[in-house]
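*Asks:* heads up, no residue letters with this:
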């Protein structure tokens, strides 16, 4: 490691001490994390490449392992640490809805969903399974697809809900385009899933769309009625 690199690291560490971690930009904070993962490498070019390709810290931690290892300087071990950060964020945000009536903790539920799917590069579809107290039993991924296409089968959704003895369900999926408008396909799928779940007395409470930092409720938009 060169003297310039060592000096840069020390200056950034000192800034975090003197002014607090909150004073660091996203790039600086990410670089500070990389210092311990890559103790002998100049991390500035790596950070620059990551933000050029993924645009934000959220975009970096949501990128696939293959996309991250394609960045010069990021090996499998470092990528594993980055994905561990994403996992930690997910667990921390899940604590906000764990053992709560999520219908009465709507803000916390939205926060969790945004943390999970914001800036996710492809469409992912989640189902939040609820008990008779509207508390979370589990959260399962139903599928992933291309940027604009994904297939969800109502019978498979029902089968999964029954296997957990869920009495309520909330659906969540993201729009990588960050367009928060529900598509005709979104609306039709919601109604089909609602009809299938209702046949087993399972309530579909809502279908949420995550678009960047927004969380849009199809129910609140009047696009379906539970």
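*Replies:* Ah, there it is. Everything quoted here is computed from the prediction, not taken from an experiment.
*Asks:* Domains in this structure, by residue range?
*Replies:* As given by automatic domain parsing, the domain ranges for the chain are 3-91, 101-217.
*Asks:* Columns distance to residue 223 on top of those, output as a markdown table?
*Replies:* Every C-beta, even on glycine, is put in place using the N, C-alpha and C of the backbone. Conversion of those to a markdown table gives the following (distance: least, CB to CB, whole Å):
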| stretch | distance to residue 223 |
| --- | --- |
| domain 3-91 | 27 |
| domain 101-217 | 5 |
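*Asks:* ranking those domains by burial, who's on top?
*Replies:* Of these, the one with the most neighbours on average (mean count of other CB atoms under 10 Å) is domain 101-217, at a mean of 17.
*Asks:* Spatially central, which residue of the protein would that be?
*Replies:* Centroid-nearest residue in the chain: residue 116, 1.8 Å away (criterion: CA atoms, centre = their mean).
*Asks:* what bits of this protein have low per-residue confidence?
*Replies:* 1-3, 146-150 (pLDDT under 70).
*Asks:* Let me see the ranges of the strands in it.
*Replies:* For the chain, the strands identified by DSSP state E occupy 124-130, 136-144, 168-174, 203-211, 214-217, in order along the chain.
*Asks:* how about those strands in CSV, adding distance to residue 196?
*Replies:* Listed next are the strands of the chain as CSV, based on distance: least, CB to CB, whole Å:
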stretch, distance to residue 196
strand 124-130, 12
strand 136-144, 13
strand 168-174, 10
strand 203-211, 9
strand 214-217, 20
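*Asks:* Quick check: which of the ones you listed is nearest to residue 96?
*Replies:* For the strands of the chain, distance to residue 96 was read as CB to CB. The smallest value, 10.8 Å, belongs to strand 136-144.
*Asks:* That closest one pairs with which strands?
*Replies:* Sheet neighbours of strand 136-144, with direction, are listed as strand 124-130 (antiparallel) (DSSP bridges).
*Asks:* give the contact list for the residue nearest to the centre of the chain.
*Replies:* With contacts defined as CB atoms under 8 Å, 6 or more residues apart in numbering, residue 116 is in contact with 90, 93, 126, 172, 210.
*Asks:* and with 7 Å instead?
*Replies:* By CB atoms under 7 Å, 6 or more residues apart in numbering, the contact set of residue 116 is residue 90.
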